[in-house]
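**Q** How does the following fold in three dimensions:
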Amino acid sequence: MIDEKYKDAMTLILSEDPRYDIQAYDFVNEALTRTIEKIKKGRPPGQRHLTGAELLTGILEFAVSQYGDLAAEVMEYWNLNRGSDVGNVVYNMIRHGIMCASPEDKQEDFDCIESIPERLEITRLKSIKSISSSSPPPKIM
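**A** Numbering: from 1, shown residues only. Next up, the predicted model:
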């Protein structure tokens with residue numbers, strides 16, 4: 001069930017900034033949760049903060065894991081074409097209390113990716129390479 005606070009905040013966000021589909025917001029929110037879970041394994045207990053670059057990397061990896069070869073098309077459909085688009089989504093959610101930022105965070109931290117589709121292709125290829133190098137070659141009989 002969707003949390004009422006989240007639903008109300010999303011209604012406001014979408015009325016104020018209709019550039020991005022609600023699915024883009026839901027995806028970024030889920031990617032944040034997944035990225036925190038993944039990264040917290042190597043951090044001291046209680047430290048959950050992510051930088052913009054870490055969140056962008058997590059979003060790219062999550063997109064590839066969820067949508068594979070179609071990740072770029074899905075992100076483009078949601079109008080998430082550059083890191084700055086993700087920054088807009090994140091900061092809309094911060095302004096409405098869905099996410100939080102530390103004082104040193106800036107929306108411009110997300111400007112480090114000019115083309116999400118290009119970076120998704122690199123991330124997808126790295127993922128394939130990682131999978132193929134971690135599993136033994138098939139036995140041929």
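**Q** Can you show me the helices along the protein?
**A** Taking DSSP state H to define them, one finds helices in the chain at 4-16, 22-39, 52-67, 71-77, 83-95, 116-134.
**Q** Mind checking those helices for the one nearest to E104?
**A** Closest approach to E104 among the helices of the chain is made by helix 52-67 (10.6 Å; CB to CB). Every residue, glycine included, has its C-beta placed from N, CA and C.
**Q** List the buried residues of that closest one.
**A** Buried positions in helix 52-67, judged by neighbour count with 16 or more other CB atoms under 10 Å: 52, 55-64, 67.
**Q** Spit out the contact partners of the closest residue to K38 other than its chain neighbours.
**A** Residue nearest to K38 in three dimensions, not counting chain neighbours: G58, with 6.9 Å by CB to CB, 6 or more residues apart in numbering. When contacts are counted by CB atoms under 8 Å, 6 or more residues apart in numbering, G58 touches 31-32, 34-35, 38-39, 50.
**Q** do the same with N88
**A** N88 neighbours (CB under 8 Å, 6+ apart): 17, 19-20, 107.
**Q** can you check S65 too?
**A** S127 are the contacts of S65 under CB under 8 Å, 6+ apart.
**Q** For the residue nearest the centre of the chain, list the residues it contacts.
**A** Nearest to the mean C-alpha position of the chain, counting by CA atoms, centre = their mean, stands I59 at 2.4 Å. Contacts for I59 (CB under 8 Å, 6+ apart) come out as 27-28, 31, 35, 86.
**Q** What about these, which one has the most neighbours?
**A** V86 (26 neighbours; other CB atoms under 10 Å).
**Q** Distance check, it against R95.
**A** 15 Å (CB to CB, to the nearest Å).
**Q** and what of R124?
**A** Noted for R124: a distance of 32 Å to R95, by CB to CB.
**Q** Compare the two and say which is more crowded by neighbours.
**A** Neighbour count, other CB under 10 Å: between R124 and R95, R124 has more, with 20 against 15.
**Q** Now do the contacts for the more buried one.
**A** With CB under 8 Å, 6+ apart, R124 has these contacts: 64, 68-69, 71.
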